[in-house]
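Asks: Okay, sequence plus prediction incoming.
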Amino acid sequence: MLVRRKRGWELPESAATPEHVYLNRRRFMGTAGSGALAIASGLVWPGTGIAQDGGSARPTADLYPVPRNMRYRVERDLTSEELATTYNNFYEFGSHKEIWRAAQALPIRPWTVTFDGQVEEERTVDIDTLIRAMSLEERVYRLRCVEAWAITIPWSGFPMRALIDYARPLSSARYVRMETFQDSEVAPGQRQFWYPWPYVEGLTMAEARNDLAFMVTGLYGRPLPKQNGAPLRLAVPWKYGFKSLKSIVRLTFTEERPVNFWQEIAPNEYGFWANVNPEVPHPRWSQATERLIGTDERVPTRIYNGYGEFVADLYADMQGEPLFM
Ligand SMILES: Nc1nc2c(c(=O)[nH]1)N[C@H]1C(S)=C(S)[C@@H](COP(=O)(O)O)O[C@H]1N2
Ligand SMILES: [Mo]
């Protein structure tokens, strides 16, 4: 349920961390004309060190900020916007955390998303047409990387269920396979031929229609930065972060279970389900705790990353499946 009385920045969660910086920048965005924005778009917000790429290039930038959906509460402080946009995993731009600057090379307009496979009608839609067709909301979610670090951030976007309805899959579809862009001219990581590009992820149709599955188009009340997966990425917070693929160009509805990027690389370490579980270690490290980035704090990891009330039922009859790798 949407709570429209309050905007995100009026709420206590966002008061907890360096939100004053955020608020000032939002004011700045509100008052600055496009000329000033263009000057400011030299990758970093003046005086903050926060990476950004110039909202002026986004035909749907006017839609943000969006009202926060208070059904999804998080008991942790928000990760600072600066950290969430400068400490990333995006192997297309390098196999380290400092890819944010390299990711600015990704052209995100024009951008299209294709729906194919078992659909009533194969379709390709312009990203801004798609975004305008959806009802946007903000959700504060935690993200738990399989590497045992975690963040808590306010995504903007729309329920994945709405995207599935928009795509009109046939009832024979059992899975949705999703694909990231492929362009080795702009993404140096994609010149590393030993990786099985493009990045692929998949969900069952029931997972994709679960309330929690969210399509992300924004972060911290503004259009999604490139390094976080602009213009469209997934957020499935009960699963390890690698399931939440970035910069999506295609959704294919299929009867066959997709083989995801990491499973293809290391099937003994990464599976299809990848649900978070502190009691199932990765073959090379424990998953019992996680580090909150930007702090020295380690906290216990929770089953389904704390989202069991929303998703545990999905797996009730699947005891034989490797649900937690
Ligand atoms: N296309 C693509 N999507 C990706 C990745 C990637 O390398 N390429 N990394 C994943 C991993 S391992 C994590 S933890 C999250 C990180 O998201 P963030 O950088 O926005 O925090 O993105 C996921 N999505
Ligand atoms: Mo990750």
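Replies: Great, that's in hand. Numbering: from 1, shown residues only. Ligands and ions are numbered 1, 2, ... in the order given.
Asks: CA atoms for contacts and neighbours, from now on please.
Replies: Will do.
Asks: contact partners of the longest strand anywhere in the chain?
Replies: Using DSSP state E, we find that the single longest strand of the chain is strand 149-159. Contacting residues not belonging to strand 149-159 are listed as 65-66, 74, 76-79, 81, 84, 134-144, 211-222, 290-293 [C-alpha atoms under 8 Å, 6 or more residues apart in numbering].
Asks: Buried ones in the helix or strand following that strand, by neighbour count?
Replies: Note on strand 149-159: by DSSP states H and E, the next helix or strand toward the C-terminus is helix 160-167. For helix 160-167, a neighbour-count test (16 or more other C-alpha atoms under 10 Å) marks 160-164, 167 as buried.
Asks: what's the closest of these to ligand 2?
Replies: Met160 (20.5 Å; C-alpha to the ion).
Asks: Could I get the contacting residues of the closest residue to that closest one other than its chain neighbours?
Replies: Counting by C-alpha to C-alpha, 6 or more residues apart in numbering, Met160 lies nearest to Phe214, which is 4.9 Å off, once chain neighbours are set aside. Shown in contact with Phe214 (C-alpha under 8 Å, 6+ apart): 157-160, 234-236.
Asks: picking up where we left off before, which among the contacts of strand 149-159 end up buried?
Replies: With burial judged by 16+ other C-alpha under 10 Å, the buried subset of the contacts of strand 149-159 is 65-66, 74, 77-79, 81, 84, 136-144, 212-222, 290-293.
Asks: Would you mind listing what in the stretch 51-200 of the chain touches ligand 1?
Replies: 88-92, 145, 180, 199 (C-alpha under 6 Å from any ligand atom).
Asks: In strands, which of those fall?
Replies: Thr180.
Asks: Could I get the residues of the stretch 51-200 of the chain next to ligand 1 in CSV, plus columns for distance to Gln227?
Replies: Listed next are those as CSV, based on distance: C-alpha to C-alpha, whole Å:
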residue, distance to Gln227
Asn88, 7
Asn89, 8
Phe90, 7
Tyr91, 10
Glu92, 10
Cys145, 16
Thr180, 13
Tyr199, 15
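Asks: Which residues are in contact with Val119?
Replies: Going by C-alpha under 8 Å, 6+ apart, Val119 touches 167-170, 253.
Asks: For this protein, which residues score under the pLDDT cut-off?
Replies: Low-confidence segments of the chain, defined by pLDDT under 70: 1-56.
Asks: Enumerate every residue touching the residue of the chain found nearest ligand 2.
Replies: Closest residue of the chain to ligand 2, C-alpha to the ion: Cys145 (3.8 Å). Neighbour list for Cys145: 240-242 [criterion: C-alpha under 8 Å, 6+ apart].
Asks: if we go to 6 Å?
Replies: For Cys145, the contacting residues are 240-241, by C-alpha atoms under 6 Å, 6 or more residues apart in numbering.
Asks: do the same with Asn275
Replies: Contact partners of Asn275, counting by C-alpha under 6 Å, 6+ apart, are 239, 304, 323-324.
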